[in-house]
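>>> After the sequence you'll find the predicted model.
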Amino acid sequence: MVQQTWTAVDDYFDGLLVEEDEALLSAAAATETAGLPAHQVAPNQGKLLNLLARTRDARRILEIGTLGGYSTIWLARALPAGGRLVTLEVDERCAGVAAANIARAGLDHVVEIRRGRAVDLLPDLTGEDPFDLVFIDADKPSNPEYLKWALELTRPGSVIIGDNVVRDGAVVDEDSSDPRVQGVRRFTELIAEHPRLTATALQTVGSKGYDGLIMALVTD
């Protein structure tokens with residue numbers, strides 16, 4: 001009953017505040033049809049990412065973990081003229097589905113999908129202009145490494161967002177044997193102790209269950 005209530009509340013607010021057009025609906029459907037994991041953000045979470053990027057006036061966005069491109073579409077739609085989004089995806093099947101979804105949304109001219117392990121691709125971005133927003137939504141054990149590179153690739157005023165950090169509440173279990181939980185815990189600890197970051201975390205409930213996100217601001 002609790003999950004039904006969370007989903008019903010999401011449906012209520014989404015119906016009033018979040019508009020999924022054909023491109024977004026098709027992206028979600030194509031992801032499901034391809035048999036990819038149902039790990040994409042919920043519609044209201046996608047809209048939140050879009051609003052955060054627009055509030056920051058982000059001209060360059062980095063996404064770590066593309067999946068089927070659903071969140072990519074939300075983020076890319078926040079870009080101003082001349083903006084650019086780079087998204088990193090290790091799974092060739094996911095990257096192929098995402099490329100089709102992004103092209104269908106008419107965003108392939110502003111989105112670049114780079115294929116391979118993010119830890120291998122991130123160093124190649126150091127010679128480019130810094131990113132205004134980084135969205136980390138990939139394998140959680142690598143989150144500490146992703147944070148290191150996010151700090152290398154941003155500037156004061158940039159925003160770093162980490163998704164799926166609550167893990168159904170398992171994040172508080174310091175003895176967890178789950179490497180995803182330990183990755184999130186170390187990620188959070190590194191953010192907390194870093195002198196260039198100020199951050200907060202939010203628990204979320206809804207159609208995607210019980211989870212949450214961390215948002216950090218690069219201060220100097």
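Arrived safely. Numbering: from 1, shown residues only.

>>> where in this structure is pLDDT low?
Residue ranges of the chain with pLDDT under 70: none are present.

>>> What are the boundaries of the strands in it?
With strands called from DSSP state E, the chain shows them at 60-64, 84-89, 111-115, 131-136, 154-163, 197-206, 209-218.

>>> The ones you listed: which one's closest to residue 177?
Smallest distance to residue 177 across those (C-beta to C-beta): 19.6 Å, for strand 209-218. No exception for glycine: its C-beta is placed from N, CA and C like everyone else's.

>>> buried ones in the closest one?
By 16 or more other C-beta atoms under 10 Å, the buried positions in strand 209-218 come out as 211-218.

>>> what's the most distant pair in these?
Across the buried residues of strand 209-218, the longest distance by C-beta to C-beta is 23.9 Å; it joins 211 and 218.

>>> hang on, the earlier thing: between the strands of the chain, which one is closest to residue 19.
Proximity to residue 19 (C-beta to C-beta) singles out strand 197-206 among the strands of the chain, at 17.1 Å.

>>> Okay, now the sheet partners of the closest one, with direction.
In the sheet, strand 197-206 lines up against strand 209-218 (antiparallel) (DSSP bridges).

>>> roughly how far is the strand it pairs with from the heart of the chain?
10 Å (C-alpha atoms, centre = their mean, to the nearest Å).

>>> relative orientation of it and strand 131-136 in degrees?
Strand 209-218 and strand 131-136 are oriented at 150 degrees to each other (axes from the mean of the first three to the mean of the last three C-alpha atoms, to 10 degrees).

>>> contacts for strand 209-218?
With contacts defined as C-beta atoms under 8 Å, 6 or more residues apart in numbering, strand 209-218 is touched by 3, 6, 52, 151, 154-169, 187-188, 191, 196-204.

>>> Just the buried residues out of those residues, in PyMOL syntax.
What follows is the PyMOL syntax for the buried subset of those, where burial is set by 16+ other C-beta under 10 Å:
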select buried, resi 6+52+151+154+158+159+160+161+162+163+164+165+166+167+187+188+191+197+199+201+204
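
>>> coming back round to it: could I get the strands of the chain as TSV with distance to residue 181?
Converted to TSV, these look like this (distance: least, C-beta to C-beta, whole Å):
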stretch	distance to residue 181
strand 60-64	19
strand 84-89	23
strand 111-115	28
strand 131-136	16
strand 154-163	14
strand 197-206	14
strand 209-218	12
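
>>> Ok, which of the ones you listed comes nearest residue 39?
strand 154-163 (9.2 Å).

>>> Pull the residues that contact that closest one.
With contact meaning C-beta under 8 Å, 6+ apart, strand 154-163 is reached by 41, 45, 49, 52, 56, 58, 130-137, 143, 147, 150-151, 184, 187, 197, 211, 213-220.
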